[in-house]
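Visitor: Sequence first, predicted model second:
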Amino acid sequence: MKLTILGGGGFRVPLVYGALLADHAEGRVSAVTLHDTDADRLAAVARVLREQAVDVPDAPVVTATTELDDALRGADFVFSAIRVGGLAGRAADERVALDEGVLGQETVGAGGIAYGLRTVPVAVDLAQRIARLAPDAWVINFTNPAGLVTEAMARHLGDRVIGICDSPVGLGRRLARLLGADPDRAWIDYVGLNHLGWVRGLRVDGRDELPRLLADPGLLGSFEEGRLFGADWIRSLGAVPNEYLHYYYFNREAVRAYQAAEQTRGAFLREQQEGFYARMKDPDTPALTAWNRTRAEREATYMSENREAAGAGDRDQSDLESGGYEKVALALMRAVARNERTSLILNVRNRTTLSVLDADAVIEVPCLVDAGGAHPVAVDPLPYHAVGLVTAVKAVERAVLDAADSGSRAAAVKAFALHPLVDSVSVAERLVDGYLKVHPGLRYLDRP
């Protein structure tokens, strides 16, 4: 099988290739095509992959190209992990928002809306190309904002595009281990939108173990989300929130922490990765060693401002393990290509899963996956506090899609103004003006 990775010069691509190297079964991915618009980044990542493949005799063959159509032709799977505007764009998203006193995180609030407005037109073009050049391919989307971008692509690819995220998987696996359960046997009752969801149950052999966690203050304080949100708040919700909900539940504290930080997360990653790619231009640099060292620093500093605001301290070693989006992607490909049925938490079209949303709304829920794709399972209705957040943020996503489709500046203002973390039309107007100044890619928003 051929896998095409869009954003093939991205820093996290070696994670995906590492997962592929461990798969030796019949029908596995045997060819990987990396596509990126930056030839230097492509060359750097290709070097890391070559070092990963040493001592693996049946390693998938890797090719790299800057020609998009060539990369797509013949693909069985397309993995989309692009970053429109690069890390410089992310840093600008953060700074414009913080200057207005609102959150600039890349997927949440004003920063996420700006990123979505830049990314959706590009993602739609990709979806249309894939439909034309590789109509039988399955698309796995990791491009952020993952739920929004998946919904945009689904309008052209239908159920053949599936969004993935490592955040809910990582949370579920940490909770299972904490409760002494095998993460591979636990059923995680998780529901919401991407970066906006809750674990409402954790079933092992038919028994829900989550109430045992909620009743134990010691257990609640022993993992990342427990320290971020506090035992009392988690008990009040009766569920464990995704870490990104810290931006909603503790918004003022998060904004203050981000404003007080020496540099934003995007600026830090830009500086860090520029250093990595610069070092990779030296042919004597040990590529895999340099990549591993940079990745370790990246993971250790993840959401550091939120932990500071919550007084949660440094990340424990057990919290450094993500859900492994590369493992989710591999499991998804196996299930579809070989009909190896499995259950995964994915971003898919709602159909009738959540009654408060329409059928085409992309949600993040457990799915049963087989050769026919990903099928969301039935879940209990959302409590009212979750309904409010989910429907408000989905309205924002729909306004972003409208703006990207119509070029309407008014629709873009509406997206910002409706978001719970902006909640001001005046601020929304200034945010649009600010983002138009720093992002040439938003100049399509020129209609009333």
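Guide: On my side now, so go ahead.

Visitor: and residue 15, what does it touch?
Guide: 324-326 (C-beta atoms under 8 Å, 6 or more residues apart in numbering). Yep, even glycine has a C-beta here, placed from its N, CA and C like the rest.

Visitor: redo that, cut-off 7 Å
Guide: Taking C-beta atoms under 7 Å, 6 or more residues apart in numbering as the criterion, residue 15 is in contact with residue 326.

Visitor: tell me how far the helix or strand where it lies is from the chain's mean position?
Guide: Using DSSP states H and E, residue 15 maps to helix 13-21. How far helix 13-21 lies from its chain's middle: 17 Å, per C-alpha atoms, centre = their mean, to the nearest Å.

Visitor: What about residue 207, how many residues nearby?
Guide: 10 (other C-beta atoms under 10 Å).

Visitor: helix/strand/coil for the residue of the chain most remote from its centre?
Guide: Residue farthest from the centre of the chain, counting by C-alpha atoms, centre = their mean, is residue 284 at 33.4 Å. Classification of residue 284 by DSSP: H, G, I helix; E, B strand; the rest coil places it in coil.

Visitor: Relative to residue 433, how far out is it?
Guide: Applying C-beta to C-beta, to the nearest Å, the value for residue 284 to residue 433 is 48 Å.

Visitor: Residue 334 now?
Guide: Distance from residue 334 to residue 433, by C-beta to C-beta: 47 Å.

Visitor: do the same with residue 114
Guide: 12 Å.

Visitor: Which of these two has more residues huddled nearby?
Guide: residue 114 (32 against 12).

Visitor: in what helix or strand does that one lie?
Guide: Using DSSP H and E, the element containing residue 114 is helix 109-133.

Visitor: now residue 399
Guide: Going by DSSP H and E, residue 399 is part of helix 384-406.

Visitor: Now do the strands in the stretch 1-150 of the chain.
Guide: Ranges of strands within the stretch 1-150 of the chain are 2-6, 31-35, 61-65, 77-80, 138-141, based on DSSP state E, counting those that start in this stretch.

Visitor: and those strands as JSON lines, adding mean pLDDT?
Guide: Below are the strands of the stretch 1-150 of the chain laid out as JSON lines (pLDDT from 0 to 100):
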{"stretch": "strand 2-6", "mean pLDDT": "98"}
{"stretch": "strand 31-35", "mean pLDDT": "98"}
{"stretch": "strand 61-65", "mean pLDDT": "97"}
{"stretch": "strand 77-80", "mean pLDDT": "98"}
{"stretch": "strand 138-141", "mean pLDDT": "98"}
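
Visitor: so can I have JSON lines of those showing mean neighbour count and distance to residue 180?
Guide: As requested, these are exported to JSON lines (neighbours: other C-beta atoms under 10 Å; distance: least, C-beta to C-beta, whole Å):
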{"stretch": "strand 2-6", "mean neighbour count": "26", "distance to residue 180": "36"}
{"stretch": "strand 31-35", "mean neighbour count": "22", "distance to residue 180": "38"}
{"stretch": "strand 61-65", "mean neighbour count": "17", "distance to residue 180": "41"}
{"stretch": "strand 77-80", "mean neighbour count": "25", "distance to residue 180": "34"}
{"stretch": "strand 138-141", "mean neighbour count": "26", "distance to residue 180": "32"}
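
Visitor: Rebuild the ones you listed as CSV, extending it with distance to residue 419.
Guide: CSV is the format used below for the strands of the stretch 1-150 of the chain (distance: least, C-beta to C-beta, whole Å):
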stretch, distance to residue 419
strand 2-6, 28
strand 31-35, 32
strand 61-65, 38
strand 77-80, 24
strand 138-141, 22
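
Visitor: so how far is the helix holding residue 399 off the chain centroid?
Guide: How far helix 384-406 lies from its chain's middle: 17 Å, per C-alpha atoms, centre = their mean.

Visitor: so what secondary structure elements neighbour that helix?
Guide: If contacts are counted by 3 or more C-beta pairs under 7 Å, 6 or more residues apart in numbering; DSSP states H and E, helix 384-406 sits against helix 109-133, helix 146-157, strand 187-193, strand 196-204, helix 409-418.

Visitor: most packed of those?
Guide: Mean neighbour count (mean count of other C-beta atoms under 10 Å) peaks for helix 146-157 among those, with a mean of 26.

Visitor: for the helix or strand just after it, packing partners?
Guide: Next in sequence after helix 146-157, counting helices and strands by DSSP H and E, comes strand 161-163. On a contact count with 3+ C-beta pairs under 7 Å, 6+ apart, strand 161-163 meets strand 138-141, helix 146-157, strand 342-349.

Visitor: Now do the shortest one: distance to the chain's middle.
Guide: If I follow you right, that is strand 138-141. So, by C-alpha atoms, centre = their mean, the centroid of strand 138-141 is 13 Å from its chain's centroid.

Visitor: got it, and stretch 200-219?
Guide: Counting by C-alpha atoms, centre = their mean, stretch 200-219 comes out at 26 Å from the chain centroid.

Visitor: quick one: buried residues of that stretch?
Guide: 200-202, 204, 209-210, 213-214, 219 (16 or more other C-beta atoms under 10 Å).

Visitor: swap in stretch 176-184?
Guide: Here stretch 176-184 shows 176, 178-179, 181, 183 as buried, counting by 16+ other C-beta under 10 Å.

Visitor: Kindly state the domain boundaries assigned to this structure.
Guide: 2-163, 265-310 (automatic domain parsing).
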